[in-house]
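>>> missing the sequence, but the structure's below:
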């Protein structure tokens, strides 16, 4: 689908539970519009967000899964949570949520999946046979989901029949004939295959492509040494995926034939938590633990946007609908977007943080001694230059006064050689005094510098790190 008026429309979640609505315009001179959907004051400890998904095709509602095992539905039209449900099955935190028709289903860390309807008591449970790190719902075939976790390899499930349709088999032993460990961290479905072709990334640095129609073992396997895969998404090319790592790299992997690394997108300091590629805009969007939202150019690898969002980011949703949709009296009408001239900058997202930092006390005890010494020397040199200027100005004034006095003196006194000699001697004495005072100040500053340097040398000689 084509992008909307703002360019990119994102819903970003954090590990403390805040949700922000970010609208980015392709105009580089304009800052992104950031709106906070849930404030920090409304949250409690342990309400961090672990997963999100869209609740409807119009993308006006989205579902949020939290660490305290609650599932909430947020309405973008009313800017309120419309429904809240606590999860009472399995053990561990909520890993993934999704929507199947009128039902909602979620997976917990212990490996149990529950399907329920909000208006009825109809519930169904699925046991995946091991811990779950990720559950992914196929967007090309809504009845298929994929699960995987630590020592729980990839499995495909049919939600209508509630049975497994595919169970992956581990790769052969390594060259030492040792078993290769399994830890599926994220899953993505490749298009135009009815949910039969799946790519996964591993915490042990592997990217694997499975074809349920061909064999149980991976069709393609690409290994990255010392790079733990944290998230995976479709690339902007056919049979390409983008893999985020724990080192802050975004790797574009070509899964054709034997598979290879195509290119890498750099810039992140913390581990990548979520990634998504937008083909129409030719960009790659990612969030990381360094609290930044980044948008890369897919071709040139250049960072288009680097936005700081105050808290560690866990996941995000990308809107692909052109405009908001409002439902009135059973009919759906399109709400037109606002022009750039009518948009006003909003400081609400950072207002709480600004007030908090303004009320903090300034602490100066932590300033190091070296900084204080440098400040002292800078002030001393400034005093020397000021004193030089003052002395020169005073000398000029004295000379001017001497000329005025000489003009007022009578001619017989001017002609007297004794008076002229005395005036010359006084001028020489004044010049000598100025020079001597300047020299004294310079010498004093040089002595101070030498003392400070000698002290630093002694400290270094005593310390263990310079021996």
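The structure has been received and is ready for your questions. Everything numeric in this text was worked out from a predicted model, so none of it was measured.
>>> tell me where the stretch 1-150 of the chain has strands.
Using DSSP state E, counting those that start in this stretch, the strands of the stretch 1-150 of the chain run over 8-14, 19-24, 33-38, 49-54, 61-66, 70-75, 80-86, 94-100, 103-108, 112-117, 123-127, 134-137, 144-149.
>>> and residue 249, which of those strands is closest to it?
Residue 249 lies closest, by Cβ to Cβ, to one member of those: strand 134-137, at 19.6 Å. In short, each C-beta sits where N, CA and C put it, glycine included.
>>> what sits up against that closest one?
With contact meaning Cβ atoms under 8 Å, 6 or more residues apart in numbering, strand 134-137 is reached by 53, 95-96, 98-100, 107, 113, 144-149, 184-189.
>>> partner strands of that strand, with direction?
Looking at strand 134-137 with DSSP bridges, its partner strands are strand 144-149 (antiparallel).
>>> mind checking how far the helix or strand following the strand it pairs with is from the chain centre?
Downstream of strand 144-149, the first helix or strand assigned by DSSP states H and E is strand 152-158. When C-alpha coordinates are averaged (Cα atoms, centre = their mean, to the nearest Å), strand 152-158 and its chain have centres 32 Å apart.
>>> tilt between strand 152-158 and strand 112-117?
If you take axes from the mean of the first three to the mean of the last three Cα atoms, to 10 degrees, strand 152-158 sits at 30 degrees to strand 112-117.
>>> so which bits of strand 152-158 are buried?
Neighbour counts using 16 or more other Cβ atoms under 10 Å place 152-157 of strand 152-158 among the buried residues.
>>> would you mind measuring from the nearest residue to residue 108 once chain neighbours are set aside to residue 455?
Closest residue to residue 108 apart from its sequence neighbours, by Cβ to Cβ, 6 or more residues apart in numbering: residue 90 at 3.7 Å. Distance, residue 90 to residue 455, by Cβ to Cβ, to the nearest Å: 64 Å.
>>> ok, the two, which is more surrounded?
residue 90 (21 against 12; other Cβ atoms under 10 Å).
>>> can you pull the pLDDT of that one?
In this model, residue 90 is scored at 86, pLDDT.
>>> check the gap between it and residue 193 for me.
From residue 90 to residue 193 the distance is 31 Å (Cβ to Cβ).
>>> what do you get for residue 126?
23 Å.
>>> same deal with residue 304?
31 Å.
>>> those two: which is more packed in?
residue 304 (18 against 15).
>>> surely the more buried one meets residue 295?
Yes. Using Cβ atoms under 8 Å, residue 304 makes contact with residue 295 at a distance of 4.6 Å.
>>> so what sits against both of those two?
residue 283.
>>> which residue ranges form the helices in this protein?
Using DSSP state H, the helices of the chain run over 348-358, 369-408, 411-414, 417-462.
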